[in-house]
Each structure stands twice: as C-alpha cells, then as structure tokens.
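Novice: Kindly return the folded structure for what I paste below:
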Amino acid sequence: AAVLVDVREPYEFVTGHVPGAELAPMQTVPTLVPMLPTDRPVYLVCATGNRSGHVADYLSGHGIDAVNVEGGTADWLRAGYPVER
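Specialist: Numbers count the residues shown, from 1 in each chain. This next block holds a predicted model:
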C-alpha cells in the first residue's frame, strides 16, 4: 500500500486531507526517518507542494524514495477528489 504523509500543521490537516494520509508536521519529519519504508515510495503532501517538496528533498538524502505531490491538497480539492475531515 502507498504511504502518504501530510506535512502540514494539525490545524490545517483537520480542515481536510487526502484520505489515508498520516499527519507528520514538517518539523517532526527528522524523527520519522527510521520508521519510513525504504522499499517503496513515500508520498508527501502539504497545502501547495512547497513544504512537501522540501521534505521530499530531505528524505531523499536519507535513502527514502520520497515523492512530492505537486499542487498539494489545494489541487486535490480543486479536482473534486474526496477529503477526510
């Protein structure tokens, strides 16, 4: 199964997130590195793709196959995809 990590803040996450996303605010990501899989991609999402892009770069440097979700939850919502609240 895909691993999807939302790196926004909790107050942003509760307003609507991609179904199945796990919350891990950007500043907590370094503590997660040992727990993330190295055998499959880890998808990262934020509001627009900016923060998740930085996190993807960071994780890639630690051996994680990190994929930034371009456009973030803003594009997800604009496309009409479902969200969890």
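Novice: residues contacting residue 85?
Specialist: 14-17 (Cβ atoms under 8 Å, 6 or more residues apart in numbering). In short, each C-beta sits where N, CA and C put it, glycine included.
Novice: likewise residue 54?
Specialist: Counting by Cβ under 8 Å, 6+ apart, residue 54 makes contact with residue 26.
Novice: I'd like the average pLDDT over the helix or strand containing it.
Specialist: Taking DSSP states H and E as the criterion, residue 54 maps to helix 50-60. Per-residue pLDDT over helix 50-60 has a mean of 98.
Novice: So that it lines up with my notes, have the first residue be 53 from now on.
Specialist: Sure, I'll start numbering at 53, so the last one becomes helix 102-112.
Novice: just the CA coordinates of that helix, formatted as PDB?
Specialist: The C-alpha coordinates for helix 102-112 follow below in PDB (Å, rounded to 0.1, in the frame of the first residue of the first chain):
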ATOM      1  CA  ASN A 102       6.200  23.800  -1.300                       C
ATOM      2  CA  ARG A 103       6.800  22.300   2.200                       C
ATOM      3  CA  SER A 104       6.400  18.700   1.000                       C
ATOM      4  CA  GLY A 105       9.000  19.400  -1.700                       C
ATOM      5  CA  HIS A 106      11.500  20.400   0.900                       C
ATOM      6  CA  VAL A 107      10.600  17.300   3.000                       C
ATOM      7  CA  ALA A 108      11.000  15.100  -0.100                       C
ATOM      8  CA  ASP A 109      14.500  16.500  -0.800                       C
ATOM      9  CA  TYR A 110      15.400  15.900   2.900                       C
ATOM     10  CA  LEU A 111      14.100  12.400   2.900                       C
ATOM     11  CA  SER A 112      15.700  11.600  -0.400                       C
END
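Novice: Counting neighbours, what do you get for the closest residue to residue 136 other than its chain neighbours?
Specialist: Take residue 136 and drop its neighbours on the chain: the residue closest to it by Cβ to Cβ, 6 or more residues apart in numbering is residue 71, 4.9 Å away. By the measure other Cβ atoms under 10 Å, the count of residues near residue 71 is 10.
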